[in-house]
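>>> Show me how the following folds:
(one chain, ligands or ions: 1)
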Amino acid sequence: MAPTAANATQILAVRVWPAEDYTRVTLENDSELKTSHFVLKDPYRLFVDIEGLELNTKLKELVAKIKSNDPYIKQVRVGQNKPNVVRLVFDLKEEVSPQVFSLPPVGTYKHRLVFDLYPAHPVDPIAAMMEKGEWNKDGVSLQPLPEVPPAAIANKLETKSEEKLAARPDVPAIAEKTPEKLAEKPTDKSTDKPVQLTRMITIAIDPGHGGEDPGAIGRGGSREKDVVLAIAKRLKAKIEQHPNMRVMLTRDSDYFVPLNVRVQKARSVQADLFMSVHADAFVNSSARGSSVFVLSEKGASSTAARWLADKENAADLIGGVNIKTHDRQLASVLLDLSTTAQINDSLKLGKVVLSEISGINKLHKGSVEQAGFAVLKAPDIPSILIETAFISNPEEEAKLTDNVYQDQLADAVMKGIKKYFAKNPPLAKNRMT
Ligand SMILES: [Zn+2]
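Numbering: from 1, shown residues only. The predicted model follows:
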């Protein structure tokens, strides 16, 4: 029997997360909803029929929540299609591949019905960054080439850098084009910088959480997803001051990125380093200090590290992933590749970064810890996860939202990156993703 108006599902909240990757619309409800959907073109529209629902004011709020600058949704119309059936019509700005799915209650969320609107023709991420002037930082002029896979573009950039170097009289070894020799030229007389990189270095910065997943929340109300994005943006700006470094942010605004997609994004730009930025939390508000984690091959280095990895890995549950498409993606990323070399490099990176952070904040533990963080599983990219401070500690929460501390932290990580490359010069790349 269809539910009547009296026992119809109540919409508790409506949220919209517009982003270039995709726009998400979430309806939070007190029970699971049955839906059907279809897309029509000329113009593109997504129709969603939701059963067992009466039109209420919460649902009508959705109309006003679609902003004119939403990348994919022009507007939404909401109406009672039949008794007990509400129809949503999304008028679209371009063709989308919609994913409609529901999520069971988790954390503080009740049932969620999610519409993820992905572009049917996604742009190449490097081409998009180049178009925004955020990628090509070495003065080499390149045309955006959307048809060329990211790996090929990266190789092209590299070749240009080498050509430039070859013209310099102080780098004679370039003629042999031996990758190792290229990398073994750490000095540059024109600058006192400790390391002179011989090719563009790409650093993936991963601000944790986002969108439906706020991460940890401080007593003062600060949200992990906001402070880590602010810190990540500061770090990005500092890294980009270095002429041979460029940055890819796995997210640059407030929306959710599944953990495996963060890894995929880093691999698609052939990142040299991956740094996931987080803020710690614990039930006891006196817990404090910064820490750095890397992947473990077997078992966590402590119970606390395992507990933390479990908590961070739960981001996908809170943030909300479509299980149907997720399993397929996971299978393609998490090939059983050896991670020993990755972990060794990650430990080296983690140690220098932790040591630099010790200059600006207390450390939660004096050594780099290891556990099975899903986001650190790029088999070929040294990856660390930085817990910048405890957002659950009121004193550290204040620090995390403070411009000065955010800046100091970004400086410390930057110093760590430079030291890492001074000791571990990047080799010329020839791997393909
Ligand atoms: Zn986190």
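
>>> rest of the way, CA atoms for contacts and neighbours
Will do.

>>> hang on, residue 389 in a helix?
No. Per DSSP: H, G, I helix; E, B strand; the rest coil, residue 389 lies outside any helix segment and is strand.

>>> which residue sits closest to it, ignoring its sequence neighbours?
residue 290 (4.6 Å; Cα to Cα, 6 or more residues apart in numbering).

>>> what ranges do the strands span in this structure?
Remark: strands assigned in the chain by DSSP state E are 11-17, 23-29, 35-40, 45-51, 73-82, 85-92, 96-103, 111-119, 201-207, 245-249, 273-280, 291-295, 369-371, 383-390.

>>> measure the residue nearest the centre of the chain to residue 79 for me?
Centrality entry for the chain: nearest residue to the mean C-alpha point is residue 250, 3.1 Å, by Cα atoms, centre = their mean. To residue 79, residue 250 is 37 Å away according to Cα to Cα, to the nearest Å.

>>> same thing with residue 238?
Distance from residue 238 to residue 79, by Cα to Cα: 49 Å.

>>> which sections of the chain are below the confidence cut-off?
For the chain, the stretches flagged by pLDDT under 70 are 1-7, 136-198, 326-338, 428-433.

>>> quick one, helices of it?
Secondary structure of the chain (DSSP state H): helices located at 57-65, 125-131, 150-166, 179-183, 224-240, 259-268, 303-313, 315-319, 323-333, 340-357, 394-400, 403-423.

>>> Could you dump those into CSV and include distance to residue 49 and mean neighbour count?
Output for the helices of the chain, formatted as CSV (distance: least, Cα to Cα, whole Å; neighbours: other Cα atoms under 10 Å):
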stretch, distance to residue 49, mean neighbour count
helix 57-65, 13, 15
helix 125-131, 33, 18
helix 150-166, 39, 17
helix 179-183, 58, 17
helix 224-240, 32, 22
helix 259-268, 29, 22
helix 303-313, 33, 17
helix 315-319, 24, 20
helix 323-333, 21, 12
helix 340-357, 48, 22
helix 394-400, 43, 20
helix 403-423, 46, 19
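
>>> For residue 19, give me its contacts.
By Cα atoms under 8 Å, 6 or more residues apart in numbering, the contact set of residue 19 is 70-71, 253-255.

>>> Would you point out the most distant pair within these?
71 and 254 (13.9 Å; Cα to Cα).

>>> Same list (the helices of the chain) but as TSV, adding distance to residue 216.
Listed next are these as TSV, based on distance: least, Cα to Cα, whole Å:
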stretch	distance to residue 216
helix 57-65	25
helix 125-131	29
helix 150-166	34
helix 179-183	41
helix 224-240	5
helix 259-268	16
helix 303-313	10
helix 315-319	11
helix 323-333	24
helix 340-357	21
helix 394-400	11
helix 403-423	17
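
>>> Tell me who's in contact with residue 322.
By Cα under 8 Å, 6+ apart, the contact set of residue 322 is 99, 101.

>>> Could you report the separation of residue 383 from residue 292?
Taking Cα to Cα, one finds residue 383 at 10 Å from residue 292.

>>> before we move on, the earlier item: so the residue nearest to the centre of the chain makes contact with residue 266?
Yes. Here residue 250 reaches residue 266: they are 7.4 Å apart, a contact under Cα atoms under 8 Å.

>>> Find the residues that touch each one of those two.
Common neighbours of residue 250 and residue 266 (Cα under 8 Å, 6+ apart) are residue 204.

>>> Considering the contacts of residue 19, which is situated nearest to residue 419?
The closest of these, once distances to residue 419 are taken by Cα to Cα, is residue 253, at 29.3 Å.

>>> Name the nearest residue to residue 217, ignoring sequence neighbours.
That would be residue 223: by Cα to Cα, 6+ apart, it lies 4.6 Å from residue 217.

>>> who's in contact with the closest residue to residue 348 other than its chain neighbours?
Distances taken as Cα to Cα, 6+ apart place residue 420 nearest to residue 348, at 7.1 Å, with adjacent residues excluded. Under the criterion of Cα under 8 Å, 6+ apart, the neighbours of residue 420 are 348-349, 352.

>>> how about a cut-off of 10 Å?
The contact partners of residue 420, by Cα atoms under 10 Å, 6 or more residues apart in numbering, come to 195, 345-346, 348-353, 414, 426.

>>> Thanks a lot, see you next time.
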